[in-house]
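# just to be clear, the model below is a prediction. Sequence and coordinates:
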Amino acid sequence: MVKNLSILGSTGSIGTQALEVARILGIRVNALAAGKNVELLFQQFMEFRPRIVSLADEGTAMRFEDYVASSGQVDRKSYELYWGGDGLRMAAVCGESEMALMGLSGAVGLKPVISAIKARKAVALANKEALVMAGNLVMEAANEYGVRIIPVDSEHSAVFQCLEGSSADSVKRITLTASGGPFWGMTAEQLRSVTLEQAVAHPIWNMGRKITIDSATMMNKGLEVIEATWLFGYNHRDVDVLVHPQSIVHSMVHFRDNSVIAQLGQPDMRLPIQYAFTYPKKVEGLCKELNLTEVGALEFFRPDNEKFKCLKLAYEAASAGGTAPAVMNAANEVAVELFLSGRIAFADIPELVGRVMDKRCPLPATSVEGILEEDRAARVAATEIAKEAYERAVAMT
């Protein structure tokens, strides 16, 4: 079991639950990295007393300093304060930590993941974008430095567990399950009038706003398909998706002899987080025991790729390879932000992502900087396309 830990994204959904697990298991937290939620980070800092603290920018870091000074309970020399990309790197490579939990959302997680690997830290990976953007580079680095990557996404943790003790050539395919989000069963016409309030109200999982929107569009599952290809070494054509509204079966592995192994559990992210910390052991934890008689029926459906086009776009990006997944991810991050700020409609998200993918020809994914350059170009393209569409709509009114 891990005894010393760094948590990047500590004030987010994954980070706060990781701290719950660390508290119960008695794990020492040596580094905390967050964005701009100074108040919550200060509360976490006062409880866990990490040696390294990182925030989004210098101004936010100075606000944290004010909190510390006002408390009158902390020796300023007892911790190191950083911010921005350098801060994420310092948290990721913290000397005392055996493992870095990557709970950051989005492309910002790529460089810290690489940094942790090169510092020979085990990685508990909840940042799927790192593998979506640069899966070849991340996995090559992990192999070179002998670093273990343990998935924290519930679906990938499930596959990880189902594959234990099995040879790669015994596997026929992997099935990732999807809750379907709040709009499963809606018509295409109904999806055009979805509101922000409806989109952020996930029926099963308690997640951050961005990932909740991705779940609603099914882009989250598309990202997970690409992530699975790199984590487990299978072609994207051998990774399929089933909608499972109950979210009890977290994923399945189909074997050559036509047997299937599935991992079941409560829809509680603390379970895969705990397993990442205690691997290969399973210990008592925070999660409620699963009672299948209370659950009742378990249902499975094929996803509708015409209504939920983001999943289809993800398979297209995986097929194109190179920088195509990074471009898709960047366009999606911009599109989700535009939707969250009320500047585009829910149904515009896949349309915008598809247009950016059409505009950017895939390049070889040979370096982190090259991938990040394509990420930046895709964000510019997405912003420009959305602006042009808005200006046309205004001109027509």
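Received the coordinates, thanks.

# make it CA atoms for all contacts and neighbour counts henceforth
Noted.

# how about residues contacting stretch 347-356?
With CA atoms under 8 Å, 6 or more residues apart in numbering as the test, stretch 347-356 has contacts from 191-192, 194, 217, 309-310, 313, 327-328, 331-332, 335-336, 339, 378, 381-382, 385-386.

# again, but for stretch 103-115
By CA under 8 Å, 6+ apart, stretch 103-115 touches 7-10, 12, 14-15, 88-89, 92-93, 102, 123, 125-131, 133-134, 138, 141, 329-330, 333, 368.

# buried ones only from the residues you listed, please, as a PyMOL command.
To isolate the buried members of those in PyMOL, using 16 or more other CA atoms under 10 Å:
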select buried, resi 7+8+9+10+12+14+15+88+89+92+93+102+123+125+126+127+128+129+130+131+133+134+138+141+329+330+333
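
# show me the contacts of stretch 103-115 that map onto helices.
14-15, 88-89, 92, 128-131, 133-134, 138, 141, 329-330, 333, 368 (DSSP state H).

# what about the protein, any weak spots by pLDDT?
Within the chain, the ranges that satisfy pLDDT under 70 run 202-207, 390, 393-394, 396-397.

# how close does residue 253 get to residue 311?
20 Å (CA to CA, to the nearest Å).

# next one: residue 263
The value you get for residue 263 to residue 311, if CA to CA is used, is 23 Å.

# those two - which one has more neighbours?
More crowded of residue 263 and residue 311, by other CA atoms under 10 Å: residue 311, with 25 against 18.

# so what's that one closest to, chain neighbours aside?
Once flanking residues are discounted, residue 311 sits nearest to residue 222: 4.6 Å by CA to CA, 6 or more residues apart in numbering.

# A strand includes the one you found, no?
No. Residue 222 is assigned helix when assessed by DSSP: H, G, I helix; E, B strand; the rest coil, not a strand.

# count of neighbours near it?
Count around residue 222 with other CA under 10 Å applied: 28.

# now do the same contact list for it.
310, 311, 312, 313, 314, 315.

# so the last one is in which element?
What it means is residue 315. Under the criterion of DSSP states H and E, residue 315 resides in helix 309-320.

# can you pull out the residues in contact with that helix?
217-219, 221-223, 225-226, 236, 305-306, 324-325, 328, 350, 354, 362.

# list buried members of those by neighbour count.
Buried, going by 16+ other CA under 10 Å: 217-219, 221-223, 225-226, 236, 324-325, 328, 350, 354, 362, out of the contacts of helix 309-320.
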